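Participant: Show me the folded form of this:
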Amino acid sequence: MRDYLEVVYNEIERPYTEYPKTLISYLFDKFKMQKGMKLLEPGCGRGTHLRIYRDLGIEVYGIDVAPRALELASDLDISVCNLNQEKIPYPDNYFDVVYSKSFLEHLKDPIFFLKEAYRVLKPGGFILSLVPDWESQHQTYYDDYTHISPFTIVSLKQIKLLTGFENIKVNKFRQLPITWKFPLINHLCKLISPFIPVRTKIKFFQWSRELMLLSVASKPKVS
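Facilitator: Residues are numbered from 1 along each chain as shown. Take a look at the predicted model:
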């Protein structure tokens, strides 16, 4: 059976672009990451984001359910693991950051994973998650057959609170870099979004319409 990296995330459907570098550089600065930190990315796929973090001086590790990730990211420290049911293969209090983009929504049991993420984070470490915003993406959400667990601002806060995290922040996040620099452009995007076709292939319009949820939460310094 072919895995999702061949079907959903192949180079034709998801070609390599400069966008991940722009995104990771923004997150690195926004959340005051430091060189030498240890970062784990579950659902790392082709390793694109991990390489960018590595170039910024982060010590990176990845996990993916697809064995093909070992081939596509052979230059990285990758483990193959099903995080719906298997524990993260690292010791307690090991990482400064657990980062994921478009990962939590693929889990049947996100609470199991979040408890494991909490375990492997150092006290004071943080989990940084980007997931599709159900409210703005519900019409296309199940176009990806691997989507299982939808999230809203309320549910994403609740699930992280239930698994022990604190200082939880969840905000709607538009994937257009120009809106990060000029937030007022978000108002324009909101105005035009009702007129944009649901399945437009033009990224500017797609990302004007669709939102992600950007969440950060920390493990208490004293567990």
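
Participant: K172 in helix, strand or coil?
Facilitator: Judged by DSSP: H, G, I helix; E, B strand; the rest coil, the three-state class of K172 is strand.

Participant: what residues does stretch 126-142 touch?
Facilitator: Taking contacts as Cβ atoms under 8 Å, 6 or more residues apart in numbering, the residues outside stretch 126-142 that touch it are 27, 31, 96-105, 114, 117-118, 121, 147, 150-153, 156, 160, 165, 172-173, 193, 198-199, 209-219. C-beta coordinates here come from the backbone N, C-alpha and C atoms, glycine included.

Participant: filter those residues to the buried ones?
Facilitator: Buried subset of these (neighbour count, 16 or more other Cβ atoms under 10 Å): 27, 96-105, 114, 117-118, 121, 147, 150-151, 156, 160, 165, 173, 209-219.

Participant: residues near A66, how many?
Facilitator: The burial count assigned to A66 is 19, neighbours taken as other Cβ atoms under 10 Å.

Participant: One more: K190?
Facilitator: Using other Cβ under 10 Å: K190 sits among 13 other residues.

Participant: Phi, psi for it please.
Facilitator: When quoted as degrees, to the nearest 10, the phi and psi of K190 stand at phi -60, psi -40.

Participant: quick one: the strand or helix carrying Y26 to chain centroid distance?
Facilitator: Element membership for Y26, per DSSP states H and E: helix 19-30. Relative to its parent chain, helix 19-30 has a centroid offset of 12 Å by Cα atoms, centre = their mean, to the nearest Å.

Participant: what's the average pLDDT for it?
Facilitator: Averaged across helix 19-30, pLDDT comes to 97.

Participant: Stretch 137-145 too?
Facilitator: pLDDT averaged over stretch 137-145 gives 92.

Participant: Need the contact partners of stretch 160-176.
Facilitator: 19, 23, 111, 114-115, 117-118, 127, 130, 133, 136, 153, 156-157, 185-186, 189, 204, 207-208, 210-220.

Participant: and those residues, which of them are in strands?
Facilitator: Mapping these onto strands (DSSP state E) picks out I127, L130, M212, L213, L214, S215, V216, A217, S218.

Participant: what's around K30, how many residues?
Facilitator: Using other Cβ under 10 Å, the number of residues around K30 comes to 12.

Participant: what about the chain, any weak spots by pLDDT?
Facilitator: 1-16, 223 (pLDDT under 70).

Participant: Walking through it, point out its helices one by one.
Facilitator: Ranges of helices in the chain, per DSSP state H, are 4-7, 19-30, 48-55, 68-72, 110-120, 134-137, 153-162, 177-181, 185-192, 203-209.

Participant: For those helices, give me a markdown table that also has distance to S79.
Facilitator: What follows is the helices of the chain, written out as a markdown table (distance: least, Cβ to Cβ, whole Å):
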| stretch | distance to S79 |
| --- | --- |
| helix 4-7 | 15 |
| helix 19-30 | 21 |
| helix 48-55 | 12 |
| helix 68-72 | 9 |
| helix 110-120 | 12 |
| helix 134-137 | 30 |
| helix 153-162 | 24 |
| helix 177-181 | 31 |
| helix 185-192 | 38 |
| helix 203-209 | 31 |
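
Participant: Quick one: closest of those helices to K38.
Facilitator: The stretch from the helices of the chain with the least distance to K38 (Cβ to Cβ) is helix 110-120; that distance is 9.6 Å.

Participant: Which strands and helices lie in contact with that closest one?
Facilitator: Helix 110-120 sits against strand 38-42, strand 95-101, strand 121-132, helix 153-162, with contacts defined as 3 or more Cβ pairs under 8 Å, 6 or more residues apart in numbering; DSSP states H and E.
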